[in-house]
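>>> Provide a 3D model corresponding to the input given below.
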Amino acid sequence: MKHFLLQNAHAKKIVPFGLVFFLGLLSFNSVSAAPRKGFEAQLQKMTSSIVMAPGEIKTIDVAYKNIGKETWGNSGTGFVSLYTTAEKYRKSIFTHTNWIDATHPVTLKEASLVQNKIGHFSLTLRAPEKVGTYKESFALVAEDVTWIPGGELALSIEVKSAARKGFEALSQTVSAPITIAPGETKTIELTYKNIGKTTWKNSGNAFVSLYTSEKRERKSVFAEKTWLSTTHPVKLKEASVAPGKTGTFVLSLTAPNKTGAYTEAFELASEKTTWIPGSVFSLTINVEKPAEAISSSANAKTVSSTPVNGLSASILLRSQKTVTADGGEHIQYKVGMKNTGSVAWTKREIRSQDAFATAAVSATTPLRLALNTAGVVEPGAIDFLSFDLVTPPTKGVYTLKYVFAANDVVLPDAEILIPVEVTSDAEDVLNSPVIHALELSNQIQEPLLRIGVLIVDEETDHQVQISCNQDWKLMDGNGALLAEQLANQSITAFYKNNRYYFNRGQGLEESSFYLRFVPNSDTAVCKIDNFDKRVTRRAGYAENTFRNILELRYNSSKDRTWVINELKIEDYLAGLGETSEYSDFEFKKTLITIARTYALYHWERATKHAKEFFHMNSSADDQVYRGYEYEVNNPSIRTSAQETRGVTVNYAGQTAITPYFSRSDGRTRDWGEVWHGTVAWIKSVPTPCDASKGLKLWGHGVGLSASEALCMAKNGKKWDEILPYFYTDIDLLKRWN
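Model prediction:
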C-alpha cells in the first residue's frame, strides 16, 4: 500500500512491503543449539557447490525442517525468510531482481509451516561477470523475533565460462559510465574476443549480434533508429571473426528525455543457435541536462565541510548533477562522500528535513534516507550512499537540500544540493477531484473496482489463456458478443499491432476492441490458465484465479497490455494479501477497514492509474491483492470484511486519507510535523504500549501505529475503538449494505 513502507533494519534502507510490518533490529550472535523463542531449523540435504556461467541466473530450492515449537509463516509478525550473513548487512553480488533487497533474498514459500514439516525457499542467484570461486552464506530469520538456530546455509559458487555449441566470448571493453544529454545520440564500440571454437559471422543463419540483456530481449529506452529492433541493437561489424580474434559491435544510443542514472545490459547471441557465454556487458548511463541549462543559483555544489571533532567530508561524486522528472516521481540518487577529516567513519547517513525530498503526500519515508554501517571508512577513503529522492509535487524549479552525518554527527557544511526541474504536477492525493461525487448521507451501491493483476509479457509468452468455472461469454469493449463458452472451456488471447486476437478452437479471430471475459454469474471464478507463480516466480501458490470479470487491455501510455480484474469491493478485500489468517481478529478488521477506505478513495477519484484503465494494481504500490486462492486459504479475511462490510473512514463528509506506519516511539506525529499542510483528522496521539516497550520510530510516524494498534486489539479494544483513537473526530460510516 502506498501509505506504508517498512524500514528494514537489516538492509538499512527503506523498502516497500505492503502491510507486513514490525521489522525489528536483530542482533546476530553465534547460534546456540537450543531453540530460541521456540524457533529451530534443520537444513535438508542439498548440494553446497554450484557452478554458474558469468551472468547466468539460477534458482535453487533450499529446504528446512521446522524442528522448533513455533509455526512458521511467510507474512505478518515473525515471518520467516533468508538473509545474507558472514558480515552484517552484507550486500550480495549474487543479487537478483526478485530479491527483496540486496541483503534479503526470499521469504518462506509456504504460507504456514507447523512443527516437523519441511518448508522451501526459492533462492535465485545471478552470477557476477568475473569468473572465480565465491563463498555465499545465508541464515534464517523470524522477523522481529530471532535468528533461527540451525538456519545457516553456506554455498560455494564457481563462476566459470563454458562454451555453448563452440561459442564463447570475453569482453574487451571497460565498463566506464557515460554521460549523455536528453535526446542526444552517442556511439560507442564494444569489443569481444572470440575464445570459443566457432568462427563468428555477421550474415547467414547463425550470425552473431548484440541483444539487450538482464531480461533477455528487453525493450531498451536507449533504442536508436539504426537498431534492428528495440531489443536488438546491432550485428557484428566484421564479416567474420576467427577463434582468438577480436570482434567489434558499434552501439548507438539515443537518450530518453527523462534524466537519471540508467543501467543497460547487453549480450551476444548466435542467431537461432545460442546465447554466447561470457558476453554479458553492463553499462551505466547518466542522462543529464548540460550544465549551462541550469541557472547558477541552482547549480549543485561540491563542498567540503569544516571539521567537527575531527569529522569532515566532501562530496566527490553524484549520479547526476540535475534531475528532470514529473512531480512526485521516485528517483534513485547516489553520492560518493570522501572522508576529509582525521577520524574514521563507522556510520554514515543521508538525512533530509524537506518534505518534498523525503515523501510525496502518501509516501512514508522517514527522515533518514540512507544508512551504511558496513565496514569502516578511513580518512581519505570514499563511501557511496544511495537514497530515494522524491520530486516536489508541483511544476517548477527547485533545489533539494540533504545533509550528511558521520558517526551520528551532522556535518553542517557537507550539504548535498540537487537542482530539480519538475515538468508536470503530480496527482494531488488530498485534493484531486472526486469523479464519483456522492452524498455521504445516502448509502451507495457497492462499487466495482478495476485491479491490474498481470502485465502480459514474456512470462506468459505475450498471451493469456483464460477459462471460468461457470458458463461465460467473451465480449469486446463495445459490449458485442464474440463467443459463448461452457464452464472450464478456455480461450487464448493476445494483443498485437493495434488488434486483439483470440482462439476458441476455431482458428485465430480478431477484434478492434479490447476483450472482456465475462462469467454469467458474478460469483464465478475465472482463471489465467497459462500463468502460475509457482512456475515463473517460484512462489508458494499459483495466484491465478480471480472472482468475476477479467479484461485484456492494451494502453499506449506505457506501451503494455494488462489483465484487469473487475469485481465488487468486498470480494476484492477477501483476496487482499495485506494480512493473514494468523493476525488478531480485531486488528484484522481495523486493517480491512483502512484498506476499504483506500480502495474507495481511489475509486472516487479514478486518477492514479487512469491512463492504464484501472483503479489500483495488485502489488504493494497500492495494496497487495492475491485473488480467489488467497481468499480460500485465509477465510477469516472475508469474515473480517463481512463484519465491517461497507464501513469506511470519513471526515467532514469526505472519504478520509488514512496513512499508517510500522511502529512509534511513544507518540504519533501530526501531519504537519512530517509533511506540508494540515490534515484536521491526523493529530499526534500518545502510544503508551510502544512507549512501555522502548520502541524506536519506524516509518513516517503519521496516522496509525500498527504495533500500538495490535497491542490495543490484544488488550481488548475493538476495531471501531482503535480507528478513532488514531484518526481524530472521524466518522465510521456504512456506505453500502
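
>>> can you give me the offset of stretch 582-593 from its chain's centre?
How far stretch 582-593 lies from its chain's middle: 25 Å, per C-alpha atoms, centre = their mean, to the nearest Å.

>>> could I get the buried residue list for it?
By neighbour count with 16 or more other C-beta atoms under 10 Å, stretch 582-593 contains the buried residues 582, 583, 584, 586, 587, 588, 589, 590, 591, 592, 593. Every residue, glycine included, has its C-beta placed from N, CA and C.

>>> got a list of contacts for that stretch?
By C-beta atoms under 8 Å, 6 or more residues apart in numbering, the residues outside stretch 582-593 that reach it are 19, 71, 73, 76, 112, 573, 576, 578-579, 636-637, 640-641, 643-644, 647-649, 704, 709-710, 713-714, 717-719, 722-723, 732.

>>> may I have the strand ranked longest in the chain as CSV, with CA atoms only?
When the chain is parsed with DSSP state E, its longest strand is strand 409-422. C-alpha atoms of strand 409-422 as CSV (Å, rounded to 0.1, in the frame of the first residue of the first chain):
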residue,chain,number,x,y,z
VAL,A,409,27.2,13.9,13.9
VAL,A,410,25.6,16.1,11.2
LEU,A,411,28.4,17.9,9.2
PRO,A,412,26.6,21.2,8.6
ASP,A,413,28.7,22.3,5.6
ALA,A,414,28.6,18.9,3.8
GLU,A,415,25.3,19.7,2.2
ILE,A,416,24.1,17.9,-0.9
LEU,A,417,22.2,20.4,-3.1
ILE,A,418,20.3,18.9,-6.0
PRO,A,419,18.7,21.1,-8.7
VAL,A,420,15.3,19.6,-9.7
GLU,A,421,13.1,20.7,-12.6
VAL,A,422,9.5,19.3,-12.2
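
>>> let the chain start at 51 from now.
Fine by me, first position is 51 from now on; the one you just mentioned is strand 459-472.

>>> strands along the stretch 201-350 of the chain, start to end?
203-209, 219-221, 228-230, 235-244, 250-251, 258-262, 284-285, 290-291, 296-304, 310-320, 324-325, 331-337 (DSSP state E, counting those that start in this stretch).

>>> contacting residues around stretch 567-583?
Here stretch 567-583 makes contact (C-beta under 8 Å, 6+ apart) with 504, 509-511, 513-525, 540-542, 589, 591-602, 613, 617-618, 678.

>>> how distant is that stretch from the center of its chain?
Using C-alpha atoms, centre = their mean, the offset of stretch 567-583 from its chain centre is 26 Å.

>>> and residue 758, that's in a strand?
No - according to DSSP: H, G, I helix; E, B strand; the rest coil, residue 758 belongs to no strand; its state is helix.

>>> ok, now which ones touch it?
Residue 758 neighbours (C-beta under 8 Å, 6+ apart): 713, 714, 737, 738, 739, 740.

>>> who's the first one bridged to?
Bridge pairing for residue 713 (DSSP bridges) gives the partners residue 748.

>>> what is the neighbour count of it?
27 (other C-beta atoms under 10 Å).

>>> how about the contacts made by it?
Contacts of residue 713 by C-beta under 8 Å, 6+ apart are 71, 72, 740, 745, 746, 747, 748, 749, 755, 756, 757, 758.

>>> 6 Å - rerun?
Residues counted as contacts of residue 713 (C-beta atoms under 6 Å, 6 or more residues apart in numbering) are 740, 745, 748, 755, 757.

>>> nearest residue to the fourth one other than its sequence neighbours?
It stands for residue 755. Spatially, and ignoring its direct neighbours in sequence, residue 755 is nearest to residue 714 (4.1 Å; C-beta to C-beta, 6 or more residues apart in numbering).

>>> related to what we said a few turns ago, reformat the strands of the stretch 201-350 of the chain as TSV; add mean pLDDT, mean neighbour count and distance to residue 399.
Formatted as TSV, the strands of the stretch 201-350 of the chain follow (pLDDT from 0 to 100; neighbours: other C-beta atoms under 10 Å; distance: least, C-beta to C-beta, whole Å):
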stretch	mean pLDDT	mean neighbour count	distance to residue 399
strand 203-209	91	17	31
strand 219-221	83	21	36
strand 228-230	85	16	28
strand 235-244	91	17	36
strand 250-251	95	22	50
strand 258-262	93	23	36
strand 284-285	96	18	44
strand 290-291	96	18	50
strand 296-304	94	19	35
strand 310-320	86	20	21
strand 324-325	84	18	42
strand 331-337	83	19	24
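
>>> closest to residue 433 out of the buried residues of stretch 632-643?
residue 641 (38.9 Å; C-beta to C-beta).

>>> in three-state terms, label the closest one for me.
Per three-state DSSP, residue 641 ends up helix.

>>> same question, the one 5 residues further on
State at residue 646, reduced to three classes by three-state DSSP: helix.

>>> ditto for residue 771
helix.

>>> list the buried residues in stretch 142-158.
Going by neighbour count (16+ other C-beta under 10 Å), the buried part of stretch 142-158 is 142-146, 149-158.

>>> quick one on the thing from earlier: so how many other residues sit close to the residue nearest to residue 755?
26.

>>> tell me if I'm right that it and residue 740 touch.
Yes - proximity of residue 714 to residue 740 meets the contact threshold set by C-beta atoms under 6 Å, at 4.6 Å.

>>> pLDDT value on residue 599, please?
Looking at residue 599, its pLDDT is 98.

>>> which ones are touching the closest residue to it other than its chain neighbours?
Spatial nearest neighbour of residue 599, excluding adjacent residues (C-beta to C-beta, 6+ apart): residue 616 at 4.1 Å. For residue 616, the contact set (C-beta under 6 Å, 6+ apart) comprises 498, 500, 599.

>>> now, those that are in strands?
Reading strands off the contacts of residue 616 with DSSP E, I get 498, 500, 599.

>>> quick one, helices of the stretch 501-650 of the chain?
583-586, 619-624, 635-655 (DSSP state H, counting those that start in this stretch).

>>> can I get the last one in CSV? Just the C-alpha atoms.
Spelled out, it's helix 635-655. Extracted C-alpha coordinates of helix 635-655, given in CSV (Å, rounded to 0.1, in the frame of the first residue of the first chain):
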residue,chain,number,x,y,z
PHE,A,635,-9.1,-10.6,14.5
GLU,A,636,-9.9,-7.1,15.8
PHE,A,637,-6.6,-5.8,14.4
LYS,A,638,-7.5,-7.6,11.1
LYS,A,639,-10.9,-5.7,11.0
THR,A,640,-9.0,-2.5,11.6
LEU,A,641,-6.7,-3.1,8.6
ILE,A,642,-9.6,-4.2,6.4
THR,A,643,-11.5,-1.0,7.1
ILE,A,644,-8.4,1.1,6.2
ALA,A,645,-7.9,-1.0,3.1
ARG,A,646,-11.6,-0.5,2.1
THR,A,647,-11.2,3.3,2.7
TYR,A,648,-8.1,3.3,0.5
ALA,A,649,-9.9,1.5,-2.3
LEU,A,650,-12.9,3.7,-2.1
TYR,A,651,-10.7,6.8,-2.1
HIS,A,652,-9.1,5.8,-5.4
TRP,A,653,-12.4,4.6,-6.9
GLU,A,654,-13.9,8.1,-6.2
ARG,A,655,-11.0,9.8,-7.9
